[in-house]
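[1] build me a structure from this.
(one chain, ligands or ions: 2)
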Amino acid sequence: MSLVDTFGRVHDSLRISVTDRCNIRCFYCMPEEGAQFQPRAEILSFEEIERVVRVAVGQGVDKLRLTGGEPLVRRDLPILIARLAAIQGVRDLALTTNAVLLARDAHALHDAGLRRLNIHLDTLDRARFHQMTRRDDLPRVLDGIAAARALKFSIKLNAVAVRGLSEPDILPIARFCRDNDIEARFIEFMPLDAQNLWDRSKVLSADEILGEISTNISPLRAIPDSDPRAPATEYRYSDTGARVGVIASVTKPFCLNCNRLRLTSDGKVRYCLFAVEETDIKPLLRNGGSDIDIAGALRLTTAKKWLGHQIDSSRFVPPPRPMYSIGG
Ligand code: SAM
Ligand code: SF4
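    Ligands and ions are numbered 1, 2, ... in the order given. Sure thing, here's the model as predicted:
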């Protein structure tokens, strides 16, 4: 069984949002005040998430990523990780986090079987971190990264690049990663912010970022055999061979190779971050739906998938939910 859309794309990757809550307030994701969260009763339980994953694995999914909101604010997350890691057929399990609580949780996550982390950090400058996230938590994030490195997690560092703001951060972030055995991943600013601040002129393009790094640190060469279905395009420094990736969602969309479905924390299945429609599977989970019904909902969502999001065209319509509520 596999989840194949009408364009022949096979969907073997599921991103699971475990909460829409967050402990910081990145300006390109959440409003400073008054974020609207789902009532707790609407959030899927660990049992419900595990059930959806088991059904999805039966449909060919073998790659899971937990996200949010901030997944580490979900109580007892390591218990969920251990349950998902134990499912036969799960080949890859990763977590995306802002790392504010990672020093507290790194050991428990490792004990639960997690080995891969994507840590989100846009700047090493404390004042700019505070400005961008409306919280003064850079030291905690750095402690979290140190704790994860000590446990030998495989780490990628996600940095969102916004024109007019992030230019001074590109080289320090790239150097920090290069020096600490971490793959830097620069992400183009996408129209998913809660306050509609995005416009095309604020996108600092992947090409500009790569050019800056190549000129000032060491020339970068594309890795020819990097996975075409992964969102990041990967490069290597010509001197050390260390990797750098870019996620050029706006200037070079990778929709044609997309293999991802998403499950929101309130039980909606989505075929795209930018989808304007979604399939609610909570009624199936809570009102006696069978596994066959859940598999049917996954297949239906996949079958409806569009060719691509067209962010860079005048036809683009932003999704009705901001990033934190969908799950990035
Ligand atoms: N809280 C966790 C974190 O920040 O990593 C997980 C959820 S967050 C929504 C996932 C990723 O989405 C982060 O790497 C974040 O930088 C990215 N992100 C959020 N809003 C974005 C936007 N408007 N454009 C591009 N990336 C964005
Ligand atoms: Fe929170 Fe992540 Fe959104 Fe930042 S990007 S506000 S850390 S959910």
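
[2] tell me what residue 183 is bridged to.
    residue 156 (DSSP bridges).

[3] can you name the residue of the stretch 151-300 of the chain nearest to ligand 2?
    Closest residue of the stretch 151-300 of the chain to ligand 2, Cβ to the nearest ligand atom: residue 160 (7.6 Å). To be clear about C-beta, it is placed using only N, CA and C from the backbone, and glycine gets the same treatment.

[4] all helices for the stretch 151-300 of the chain, in order.
    For the stretch 151-300 of the chain, the helices defined by DSSP state H, counting those that start in this stretch occupy 170-179, 206-216, 282-286, 291-303.

[5] columns distance to residue 66 on top of those, output as JSON lines?
    Formatted as JSON lines, the helices of the stretch 151-300 of the chain follow (distance: least, Cβ to Cβ, whole Å):
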{"stretch": "helix 170-179", "distance to residue 66": "22"}
{"stretch": "helix 206-216", "distance to residue 66": "26"}
{"stretch": "helix 282-286", "distance to residue 66": "18"}
{"stretch": "helix 291-303", "distance to residue 66": "18"}
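
[6] which ones are touching the residue of the stretch 151-300 of the chain closest to ligand 2?
    26, 28, 120, 122, 166, 186-189 (Cβ atoms under 8 Å, 6 or more residues apart in numbering).

[7] go with 10 Å
    Shown in contact with residue 160 (Cβ atoms under 10 Å, 6 or more residues apart in numbering): 26-29, 120-123, 132, 166, 169, 185-190, 204, 247, 328.

[8] show the pLDDT at it.
    Note on residue 160: pLDDT of 97.

[9] how about residue 129?
    The model's pLDDT for residue 129 equals 98.

[10] give the contact list for it.
    Residue 129 touches 24, 26, 121-123, 135-139, 141-142, 169, counting by Cβ under 10 Å, 6+ apart.

[11] quick one: buried residues of the helix or strand where it lies?
    Here residue 129, judged by DSSP states H and E, is contained in helix 126-133. Buried residues in helix 126-133, counted by 16 or more other Cβ atoms under 10 Å: 128-129, 132-133.

[12] now, the contacts of residue 160 that are in strands?
    Counted as lying in strands by DSSP state E, out of these, are 120, 185-188, 247.

[13] which one of those residues is nearest residue 313?
    residue 188 (15.2 Å; Cβ to Cβ).

[14] number of residues surrounding that closest one?
    Neighbours of residue 188 under the rule other Cβ atoms under 10 Å: 24.

[15] residue 209 is in contact with that one, correct?
    Yes - contact criterion Cβ atoms under 10 Å: residue 188 and residue 209 qualify, at 8.6 Å.

[16] tabulate the helices of the stretch 151-300 of the chain (CSV), appending distance to residue 54, mean neighbour count and mean pLDDT.
    Listed next are these as CSV, based on distance: least, Cβ to Cβ, whole Å; neighbours: other Cβ atoms under 10 Å; pLDDT from 0 to 100:
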stretch, distance to residue 54, mean neighbour count, mean pLDDT
helix 170-179, 36, 18, 97
helix 206-216, 37, 17, 97
helix 282-286, 12, 16, 98
helix 291-303, 8, 17, 96
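
[17] what pLDDT, on average, does stretch 254-272 get?
    Computed over stretch 254-272, the mean pLDDT rounds to 92.

[18] returning to what we had before: so which of the contacts of residue 160 also contact ligand 2?
    26, 29, 120 (Cβ under 6 Å from any ligand atom).

[19] what number of residues lie near the first one?
    What it means is residue 26. Residues near residue 26, counting by other Cβ under 10 Å: 20.

[20] now do the contacts for the residue in the stretch 1-150 of the chain that ligand 1 sits nearest to.
    Nearest to ligand 1 in the stretch 1-150 of the chain, going by Cβ to the nearest ligand atom, is residue 120, at a distance of 3.2 Å. Taking Cβ under 10 Å, 6+ apart as the contact definition, residue 120 lies against 24, 26, 29, 67, 70, 96-100, 133, 141, 156-160, 185, 187, 328.

[21] just to revisit the earlier point, next helix or strand past the helix holding residue 129?
    Per DSSP H and E, the first helix or strand lying C-terminal to helix 126-133 is helix 138-150.

[22] what residues does that next one touch?
    Taking Cβ under 10 Å, 6+ apart as the rule, helix 138-150 contacts 23-24, 72, 97-107, 109-110, 114, 117, 119-121, 123-130, 133, 135, 137, 153-155, 157, 176, 180-182.

[23] and the angle from it to helix 126-133?
    Taking axes from the mean of the first three to the mean of the last three Cα atoms, to 10 degrees, one finds helix 138-150 and helix 126-133 inclined to each other by 90 degrees.

[24] would you mind listing what in the protein touches ligand 2?
    Counting by Cβ under 6 Å from any ligand atom, the chain sits next to ligand 2 at 22, 24-26, 29-30, 68-70, 98, 120, 323-324.

[25] quick one: low-confidence ranges for the chain?
    194, 226, 312 (pLDDT under 70).

[26] how about CSV for the contacts of residue 129, with distance to residue 86 added?
    As requested, these are exported to CSV (distance: Cβ to Cβ, whole Å):
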residue, distance to residue 86
24, 31
26, 33
121, 30
122, 34
123, 37
135, 34
136, 38
137, 32
138, 35
139, 35
141, 30
142, 32
169, 39
